[in-house]
Structures are given as C-alpha cells and as structure tokens.
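**Q** Build me a structure from this.
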Amino acid sequence: MKHDKVTPYNSSAPKKEQVATMFDNISGRYDLLNSLLSFGTHKGWRKKCVNLLRDNKPSTILDVATGTADFAIECAKLSPKKIVGIDISEGMMQVGRQKLQKLGLDKLITLEQGNAETITYPDNSFDAIVVGFGVRNFQNLEKGLANLHRILKPGGKIVILEFSYPTNTVVKAGYSFYFSYITPLIGKIFSKDPRAYSYLMESVKAFPNNNNFVAILNGTGFKNSGFKSLSMGVAAIYYGTK
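**A** Numbers count the residues shown, from 1 in each chain. Here you go, the predicted structure:
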C-alpha cells in the first residue's frame, strides 16, 4: 500500500483536494481532538522539534501544512523576523488566524494558501522549514520535498514531525487498537467527519517511516538526515540540511 494511494474519501478527486475538504470539515474541532487523541503529547513533540532549530537562529521560517498554526506559534519562541505558514485548508487557517490575533502574533506570522509541491517562493528563501503531521498528506511526497529543498537556504534545516508505526510488538498492538477503534470512535462523537480519523490510521500505516523516510529525504537532496523516535515509536522527528 503506497502512501500516495491512501486518500481520505477514496474518490477520483486528487488527494490534495480530498485532504483540503477533510480538514475544512474538521477545522472547528481539530485542536480539541488533537489534544484528546495524543493525550496532549503533541505539544511536547513540537517543542523538541523547535529546539533542533535553536542553534541555527533562523530569521525566516516556513511552516508547511500549518493547519491551525500551532507549529508556527511554537517557532515564534526562536525570535525570527518572519514566519510564513501555508496550508491547503482555508478552514484550518481561519482558526489559526484567530489564534494569532489573540496572541498578538499576527504581524510576525502570516498564513497563506499553498502546498509543498506547488509553492513558488524563490530559491533559497527560508532559513528553516518545519512540517507537522503534513508529509503523509502530500500528493507526491518526493516532488514536495524536492520543492522544499529548493526554497531552503544553503545550510538551512528542515524539521518534520510525523506519526510513526512502533516496532515493539506490545506497543504496536496497543497502538493499532487505539488508532483502529478508539480514534474513529472519538472522531465520530466529536467531529462531523468521522472518516478523517479512519484515514489517519490508514495513512500512518502506509507511510514510509523511520529509515525509509530518511532515505527519501536523502534522495531529494537533503544532507545529514536522520530521525529521532518519540513516545516509544508512535511519532518521529525527521531532520536534514541543505
């Protein structure tokens, strides 16, 4: 099962259109569900990602698949001059813009419609790029990563946070049960689009995680690539430099 063949609604529409519709549908409850489903651990995971960028002191940061802007908000702690968040879901970004306004970060962080494969920022535009739970949803993974490599400045760093699939037998069994049964149930109760939470598990299973994904990073031009497992392998941080 290839990662790009797994789509939210199994319709004939392009994957990115299906993903945009899915996130528009769940945008109002996304933050609540994210905290429920990850037991709040996603906040700590993002902090670890941002810490990997601290030594680089990035002045300009791109947050790909920004959603409701949580990763961009965490990146603001690095005191950059500019953060741009892009996403294909206008519904998610509307929620994000309200958050930014409340936090007084709407001058530092701007959210724009766009996706990794087709954004046309000039070569060498950003000091750092972050992607939180977004690479699974790329329509063409290699094309998206190659384009991000193009717009990253030489010496710049990409940091990607993504769900992973545990290798430990016991953890894997618990993880599979939780994501196969509990996650769709919670999605059904709290969201008007329960299919979004069934898709989550399918896309995680199909994603080329750990060393497989590091190989793809290397293949799209990144150097010094690697990954760190989080929470017994349920998520991973991937990184690389240009």
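**Q** So which residues make contact with the lengthiest strand in the chain?
**A** Assignment by DSSP state E gives strand 152-163 as the longest strand of the chain. With contacts defined as Cβ atoms under 8 Å, 6 or more residues apart in numbering, strand 152-163 is touched by 45-46, 49-50, 52-53, 56, 58, 71, 124-136, 148-149, 200, 204, 207, 209, 213, 217, 222, 234-242. Every residue, glycine included, has its C-beta placed from N, CA and C.
**Q** Measure how far the helix of greatest length in the chain is from the centre of its chain, please.
**A** The longest helix of the chain (DSSP state H) is helix 90-103. Counting by Cα atoms, centre = their mean, to the nearest Å, helix 90-103 is centred 17 Å from the centre of its parent chain.
**Q** With stretch 231-242 instead?
**A** The answer for stretch 231-242 is 11 Å, by Cα atoms, centre = their mean.
**Q** can you tell me the average pLDDT over stretch 18-36?
**A** Across stretch 18-36, pLDDT averages out at 86.
**Q** typo on my end, it should be stretch 100-110
**A** Stretch 100-110 comes out at a mean pLDDT of 98.
**Q** Need the contact partners of that stretch.
**A** 69, 72-73, 76, 80, 82-85, 97, 111.
**Q** Give the ChimeraX command for selecting the buried subset of those residues.
**A** Applying 16 or more other Cβ atoms under 10 Å to these, the buried members can be selected in ChimeraX as follows:
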select :69,72,73,76,80,83,84,85,97,111
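**Q** just to revisit the earlier point, what mean pLDDT does the longest strand of the chain get?
**A** Here the average pLDDT along strand 152-163 is 97.
**Q** Extract the C-alpha trace of that strand and format it as CSV.
**A** The C-alpha coordinates for strand 152-163 follow below in CSV (Å, rounded to 0.1, in the frame of the first residue of the first chain):
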residue,chain,number,x,y,z
LEU,A,152,15.5,26.3,1.7
LYS,A,153,18.7,28.4,2.0
PRO,A,154,22.1,26.6,1.8
GLY,A,155,22.9,25.4,5.4
GLY,A,156,19.2,25.7,6.3
LYS,A,157,17.4,22.9,8.2
ILE,A,158,14.2,21.1,7.7
VAL,A,159,12.4,19.5,10.7
ILE,A,160,9.5,17.2,10.2
LEU,A,161,7.2,15.8,12.9
GLU,A,162,5.1,12.8,11.8
PHE,A,163,3.2,9.9,13.3
